[in-house]
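Undergrad: Need a 3D model of the following:
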Amino acid sequence: MGPSWIQILVLLLIVVIIFGTKRLRSLGSDLGAAIKGFKKALNEDEGEDKNPSSVSGRVIDTDAKSVDKTTDQKD
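TA: Below is the predicted model:
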C-alpha cells in the first residue's frame, strides 16, 4: 500500500509553501543541468572507447618485488 494521490498532493503543496516556487524552479534547472552534463560525459567516454587507434600499443610487463628496508640506528 503506497501513498494515495491525495497524500502526494498535500505533500507537494507543503513543499511549495515552504520553499516557494522560485527556489523550486532554480533547483529543478540546476538538477536538469547536472543530469545533462552527466549524460554528455558518459557519451564522450563511450566515444573514446570505440576509437582503438588512440590507445597506445606499449605494454609494460613487470614483476613486483618485495623490499624490506631496515635502518641501522647509531646511538
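Undergrad: so is Val59 in a helix, a strand, or just coil?
TA: Of the three states, Val59 takes coil according to DSSP: H, G, I helix; E, B strand; the rest coil.
Undergrad: does Leu42 sit in a helix, a strand or a coil?
TA: In the three-state summary, Leu42 is assigned as helix, counting by three-state DSSP.
Undergrad: how many neighbours does it have?
TA: Residues contacting Leu42 under the criterion other CB atoms under 10 Å number 10. In this view, the C-beta of every residue, glycine as well, is placed from N, C-alpha and C.
Undergrad: Spatially central residue in this structure, please.
TA: Phe38 (7.4 Å; CA atoms, centre = their mean).
Undergrad: list the contacts for that residue?
TA: Residues touching Phe38, when contacts are defined by CB atoms under 8 Å, 6 or more residues apart in numbering, are absent altogether.
Undergrad: Can you point out the helix or strand that includes it?
TA: Under the criterion of DSSP states H and E, Phe38 resides in helix 21-50.
Undergrad: so for stretch 34-49, what's the average pLDDT?
TA: In this model, stretch 34-49 has an average pLDDT of 84.
Undergrad: How far off centre is that stretch?
TA: For stretch 34-49, the separation from the chain centroid amounts to 11 Å (computed by CA atoms, centre = their mean, to the nearest Å).
Undergrad: Start the count at 9 instead of 1 going forward.
TA: Shifting the count to begin at 9 puts that one at stretch 42-57.
Undergrad: Tabulate the CA atom coordinates of it in PDB.
TA: Listed in PDB are the C-alpha atoms of stretch 42-57, where the atom choice follows Å, rounded to 0.1, in the frame of the first residue of the first chain:
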ATOM      1  CA  ALA A  42      23.600  18.300 -13.800                       C
ATOM      2  CA  ILE A  43      21.900  15.400 -15.500                       C
ATOM      3  CA  LYS A  44      22.600  16.800 -18.900                       C
ATOM      4  CA  GLY A  45      26.300  17.200 -18.100                       C
ATOM      5  CA  PHE A  46      26.500  13.700 -16.700                       C
ATOM      6  CA  LYS A  47      24.900  12.200 -19.900                       C
ATOM      7  CA  LYS A  48      27.300  14.300 -22.000                       C
ATOM      8  CA  ALA A  49      30.300  13.000 -20.100                       C
ATOM      9  CA  LEU A  50      29.100   9.400 -20.500                       C
ATOM     10  CA  ASN A  51      28.700   9.800 -24.200                       C
ATOM     11  CA  GLU A  52      32.200  11.300 -24.600                       C
ATOM     12  CA  ASP A  53      33.600   8.400 -22.600                       C
ATOM     13  CA  GLU A  54      32.000   5.900 -24.800                       C
ATOM     14  CA  GLY A  55      33.300   7.700 -27.900                       C
ATOM     15  CA  GLU A  56      36.800   7.300 -26.700                       C
ATOM     16  CA  ASP A  57      36.500   3.500 -26.200                       C
END
